[in-house]
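Participant: Sequence and predicted structure, then a few things I'm wondering about:
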Amino acid sequence: MPYMDSRNADRLIQTYADMILRISYMYLKQTYDAEDICQDVFLKLLSGDYHFDNPEHEKSWIIRTAINACKDHLRTSFWKRAQEWDAIPEIPVTPEPKSELMDLVMTLPRNYRVSIYLHYYEGYQVKEIAAMFGKTENAVSTYLRRGRDRLKKMLDPDDGIRSHRKGVTELGQRL
């Protein structure tokens with residue numbers, strides 16, 4: 001098993017843990033569930049006999065596995081019966097400063113939100129995201145376009161949202 005040594009496990013955690021948490025949080029919107037998914041992905045990787053052609057293949061596998069684990073998690077019967085617990089405070093995924101733009105991205109529908117994150121924050125091309133999602137390139141392009149359009153509407157200073165000026169600049173740079 002090529003991944004079952006402590007040095008490699010440390011490298012994988014240092015390299016991918018934050019990314020897996022962010023992707024999982026994009027799907028689940030709950031920190032503790034995102035942490036569970038992160039742990040499940042690493043357990044699967046470290047206990048399996050996987051061989052990757054290069055680091056990009058490894059990263060792509062990890063992202064696809066995290067997305068599938070999130071979808072499986074949402075399909076469980078628990079989610080169909082679960083009720084919200086307003087009394088439990090949410091803990092942010094990472095200690096990074098709050099970003100108004102990321103807050104707006106989090107309000108988008110799941111396909112738009114995850115596509116925008118993978119494209120603009122992780123640097124994946126439309127073709128790569130389509131392969132990860134199991135969708136066509138046109139579908140992913142549509143998610144990105146519609147997500148950008150919604151973000152631009154939310155950030156439009158002519159609509160009286162002047163507090164998002166910084167977000168408009170950031171959006172222009174990222175999009």
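Facilitator: All right, it came through fine.
Participant: could you point out which element follows the longest helix anywhere in the chain?
Facilitator: The single longest helix within the chain, with elements called by DSSP state H, is helix 6-28. Using DSSP states H and E, the helix or strand that follows helix 6-28 in sequence is helix 31-47.
Participant: What lies in contact with whichever helix or strand comes after that next one?
Facilitator: Of the helices and strands lying after helix 31-47 in sequence (DSSP H and E), the nearest is helix 55-75. Contact partners of helix 55-75, identified using CB atoms under 8 Å, 6 or more residues apart in numbering, comprise 16, 19-20, 23-24, 27-28, 33, 36-38, 40-41, 44-45, 50, 52, 79, 114, 118, 122, 128, 131-133. Quick note: C-beta positions are derived from backbone N, CA and C, even for glycine.
Participant: Just the buried positions in the longest helix of the chain, please.
Facilitator: Using 16 or more other CB atoms under 10 Å as the burial criterion, the residues of helix 6-28 that qualify are Leu12, Tyr16, Met19, Ile20, Leu21, Arg22, Ile23, Ser24, Tyr25, Met26, Tyr27, Leu28.
Participant: What is the end-to-end distance of stretch 19-39?
Facilitator: Length of stretch 19-39, first residue to last, CA to CA, to the nearest Å: 12 Å.
Participant: distance between that stretch and the chain's centre?
Facilitator: With CA atoms, centre = their mean, to the nearest Å as the basis, stretch 19-39 stands 8 Å off its chain's centre.
Participant: now it: mean pLDDT?
Facilitator: For stretch 19-39, mean pLDDT is 89.
Participant: circling back to that earlier point, make TSV out of the buried residues of helix 6-28 and add distance to Asp156.
Facilitator: Output for these, formatted as TSV (distance: CB to CB, whole Å):
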residue	distance to Asp156
Leu12	42
Tyr16	36
Met19	31
Ile20	33
Leu21	31
Arg22	27
Ile23	28
Ser24	31
Tyr25	27
Met26	24
Tyr27	28
Leu28	29
